[in-house]
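[1] Here is a sequence together with a model predicted from it:
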Number of protein chains: 2
Amino acid sequence: MLVVIAKLKAKPGKGDALAAKFSEMVAWVTENEAMTLTYACNRSNTDRDEFVFFERYPDQAALGAHSSSDRFKSFVGELQPLLDGGMQVEMLEEVAAKL
Amino acid sequence: MLVVIAKLKAKPGKGDALAAKFSEMVAWVTENEAMTLTYACNRSNTDRDEFVFFERYPDQAALGAHSSSDRFKSFVGELQPLLDGGMQVEMLEEVAAKL
């Protein structure tokens, strides 16, 4: 199982708007990406501008398919005015999990 | 929903032993901690000595109850010879999630 942990930061004052946009993305992924097994968006308690995604994919093909749709690409465009810098991505493999 | 992301590091050469111990812990939590809703142990692809837990709890009581059992405390003791330093913990709240 492939796991992605991705950190993103909101521009100052844009945290709530970014959270709303991420909620839309999670809803879209839930409806449209069957092979994105887990897609959880979380907001740091200590830095309210920091968001961390936790994502699980069964294989590279599923990871590759994620975010390749036109709608997902348009989401990414909508994020740009809200984001401070790029995304920090960590790739991992699942050892064991209660889900 | 409360989310915890915790990083731990194995001593050099102890990564596989630590992964095995974490698998035991996940199995134990799965059997014994109904209110630990998610408890996923992952191993970094770029640093095989780094492990990241992703954990979800419905509330502070569930988070407090996690790891308070005698068995869990004995697990923590068993980890000590395998760990390089302490645990880095980040506390977050869930914005939205496909699970």
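    Nice, I can see it. Keep in mind that what you see is a predicted model, and the values were worked out from it rather than measured.

[2] hey, let's count contacts and neighbours off CA atoms from now on
    Will do.

[3] close to chain B, is the helix ranked longest in chain A?
    Longest helix of chain A, by residue count under DSSP state H: helix A:15-32. Yes. On the criterion CA under 8 Å from any CA of the partner chain, helix A:15-32 is in touch with chain B at A:19, A:22-23, A:26-27, A:29-30.

[4] Are any of the residues you listed buried, and if so which?
    Among the residues of helix A:15-32 next to chain B, those buried by neighbour count (16 or more other CA atoms under 10 Å in any protein chain shown) are A:19, A:22-23, A:26, A:29-30.

[5] residues in chain A within reach of chain B, list them.
    A:3, A:19, A:22-23, A:26-27, A:29-30, A:37-46, A:54, A:90-99.

[6] Put the alpha carbons of stretch A:19-39 into CSV.
    What follows is stretch A:19-39, C-alpha atoms only, in CSV (Å, rounded to 0.1, in the frame of the first residue of the first chain):
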residue,chain,number,x,y,z
ALA,A,19,-10.2,24.5,4.1
ALA,A,20,-13.4,25.1,2.2
LYS,A,21,-11.8,24.4,-1.1
PHE,A,22,-10.1,21.2,0.3
SER,A,23,-13.5,20.0,1.5
GLU,A,24,-14.8,20.4,-2.0
MET,A,25,-11.8,18.4,-3.3
VAL,A,26,-12.3,15.6,-0.8
ALA,A,27,-16.0,15.4,-1.7
TRP,A,28,-15.0,15.2,-5.4
VAL,A,29,-12.4,12.5,-4.8
THR,A,30,-14.9,10.5,-2.7
GLU,A,31,-17.4,10.6,-5.6
ASN,A,32,-14.9,10.1,-8.5
GLU,A,33,-11.7,8.3,-7.5
ALA,A,34,-12.6,4.8,-6.4
MET,A,35,-8.9,3.8,-6.2
THR,A,36,-7.9,6.7,-4.0
LEU,A,37,-8.7,4.6,-0.9
THR,A,38,-8.0,7.2,1.7
TYR,A,39,-7.9,11.0,1.2
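
[7] ok, residues contacting it?
    Contacts made with stretch A:19-39 from outside it, assessed by CA atoms under 8 Å, 6 or more residues apart in numbering or on different chains, are listed as A:40-41, A:43, A:53-58, A:62-63, A:66, A:72, A:75, A:79, B:95-99.

[8] related to what we said a few turns ago, mind putting the buried ones among the residues of helix A:15-32 next to chain B in a markdown table, pLDDT included?
    Formatted as a markdown table, these follow (pLDDT from 0 to 100):
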| residue | pLDDT |
| --- | --- |
| A:19 | 98 |
| A:22 | 98 |
| A:23 | 98 |
| A:26 | 97 |
| A:29 | 96 |
| A:30 | 97 |
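
[9] re the thing from before, quick one: the longest helix of chain A to chain centroid distance?
    Distance, stretch centre to chain centre, for helix A:15-32: 9 Å (CA atoms, centre = their mean, to the nearest Å).
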